[in-house]
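**Q** Predicted model and sequence follow; I will ask about them next.
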Amino acid sequence: MTKDQFPPALLDWLRTSKHLAILTGAGVSQESGIPTFRDALSGFWSRFDPMQLATPEAFDADPSLVWGWYEWRRSQVLECQPNAAHRAIAELAVQVQRLTLITQNVDGLHERAGSPDVLCLHGSLHRPYCRACGEPHRLPQRDASRPPKGQPMPPPACASCGDHIRPGVVWFGEVLPADIWTASEKAAGSCDLLMSVGTSSLVYPAAALPRIAHRKGAKLVQINPEPTSLDPLADVNLRGTAAQLLPHLLR
Ligand SMILES: CC(C)NC(=O)[C@H](Cc1c[nH]c2ccccc12)NC(=O)[C@H](CCCC/N=C(/NCCC(=O)O)S[C@H]1O[C@H](COP(=O)(O)OP(=O)(O)OC[C@H]2O[C@@H](n3cnc4c(N)ncnc43)[C@H](O)[C@@H]2O)[C@@H](O)[C@H]1O)NC(=O)OCc1ccccc1
Ligand SMILES: [Zn+2]
């Protein structure tokens with residue numbers, strides 16, 4: 001899909017927008033080489049269901065299995081670079097009057113692309129903390145001598161209470177950080193244009209945000225090579241990849 005195939009109204013909405021909200025999912029990092037959540041499991045991990053591994057119950061049952069999985073994902077992310085989609089979103093923040101960027105991703109690639117004040121709904125792979133006392137834990141950026149082999153790995157012990165350090169992500173069944181959710185809900189309820197990029201729109205409450213914006217009369221644009229449950233609601237569905245299409249939205 002090329003720029004001249006974009007509905008002209010879309011570029012007008014963008015140019016006249018007083019407040020653009022963008023919600024991203026795993027699809028926006030797919031072209032950086034990070035598999036989407038649904039296909040995040042290969043090799044040793046392909047025998048597990050991500051929805052099972054990404055739960056407090058799984059960590060309590062087998063901390064090494066879950067910690068190993070997150071260290072493996074973190075090592076993948078540290079070997080990747082933001083792609084043209086991340087960079088276009090960072091540039092859009094300069095070109096529009098006001099941009100609120102909300103992500104479900106835990107990879108930190110929006111921040112690495114230069115996007116300011118990213119609302120990370122589901123936390124980050126780079127901000128682990130103690131399961132018991134909440135003490136933040138600093139991880140070595142890259143331990144070249146011992147790259148994760150994609151096997152279980154015992155989690156570090158907390159320096160202050162000795163309990164397990166856990167990944168700094170929001171697991172299924174856990175509530176989202178209240179301040180970040182409140183800011184995201186507010187942005188969805190006050191934006192005049194919301195773009196949903198690279199998400200299957202299945203996980204709640206994140207998936208409610210485009211629906212809140214739509215209910216409040218905002219224009220809804222979806223960028224995804226595949227159809228999702230959001231299609232019928234969207235004013236424009238751009239069928240293609242994030243890194244191919246997003247740069248076309250820039251002036
Ligand atoms: C699955 C779903 C049915 N379950 C939920 O939503 C649950 C339960 C629930 C709550 N409310 C509900 C209401 C209805 C139904 C269920 C619920 N929600 C929760 O548990 C939430 C917490 C949810 C957060 C979980 N943590 C994640 N991540 C961090 C960890 C980690 O990463 O390991 S969610 C994780 O999965 C989601 C994956 O979705 P996507 O990012 O969209 O990725 P996916 O692979 O699915 O799709 C990729 C898309 O990209 C497209 N694509 C591919 N390539 C490209 C490309 N190149 N360009 C563009 N697009 C592309 C594809 O076509 C595809 O459409 C993301 O949110 C991601 O962060 N907490 C909670 O509600 O707390 C309060 C509470 C507590 C107790 C009981 C009730 C309420
Ligand atoms: Zn502790």
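**A** Perfect, thanks for sending it. Ligands and ions are numbered 1, 2, ... in the order given.

**Q** Keeping just the C-alphas, turn stretch 204-220 into CSV.
**A** This file holds the C-alpha atoms of stretch 204-220, laid out as CSV (Å, rounded to 0.1, in the frame of the first residue of the first chain):
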residue,chain,number,x,y,z
TYR,A,204,-8.2,-6.3,28.2
PRO,A,205,-8.3,-3.6,29.5
ALA,A,206,-5.9,-2.4,26.8
ALA,A,207,-8.3,-3.5,24.0
ALA,A,208,-11.0,-1.2,25.5
LEU,A,209,-9.0,1.9,24.7
PRO,A,210,-9.9,2.2,21.0
ARG,A,211,-13.5,1.4,21.9
ILE,A,212,-13.6,4.2,24.5
ALA,A,213,-12.2,6.6,21.9
HIS,A,214,-14.7,5.5,19.3
ARG,A,215,-17.6,5.9,21.7
LYS,A,216,-16.3,9.5,22.5
GLY,A,217,-16.5,10.3,18.7
ALA,A,218,-12.8,10.1,17.9
LYS,A,219,-11.7,8.9,14.4
LEU,A,220,-10.4,5.3,14.7
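
**Q** Mind checking the pLDDT average for that stretch?
**A** For stretch 204-220, mean pLDDT is 98.

**Q** Say whether ligand 1 is contacted by it.
**A** Yes - residues of stretch 204-220 contacting ligand 1 under CB under 6 Å from any ligand atom: 204-206. Any C-beta I mention is one placed from the backbone N, CA and C, and that applies to glycine too.

**Q** what's the neighbour count on residue 186?
**A** Around residue 186 there are 13 other residues, counting by other CB atoms under 10 Å.

**Q** no wait, residue 73
**A** By the criterion of other CB under 10 Å, residue 73 has 21 neighbours.

**Q** Could you check the pLDDT of it?
**A** 92.

**Q** any idea how far residue 95 is from the closest residue to residue 130 other than its chain neighbours?
**A** Closest residue in space to residue 130, ignoring its immediate chain neighbours: residue 158 at 3.8 Å, by CB to CB, 6 or more residues apart in numbering. According to CB to CB, to the nearest Å, residue 158 stands 44 Å off from residue 95.

**Q** Neighbour count: these two, which is higher?
**A** Summary of the neighbour comparison: residue 158 and residue 95, criterion other CB under 10 Å, with residue 158 having more neighbours (21 against 14).

**Q** next one: the helix or strand of the chain with the lowest mean pLDDT to chain centre, how far?
**A** For the chain, using mean pLDDT, DSSP states H and E, the weakest element among its helices and strands is helix 50-53, scoring a mean of 84. Helix 50-53 sits 17 Å away from the centroid of its parent chain (CA atoms, centre = their mean, to the nearest Å).
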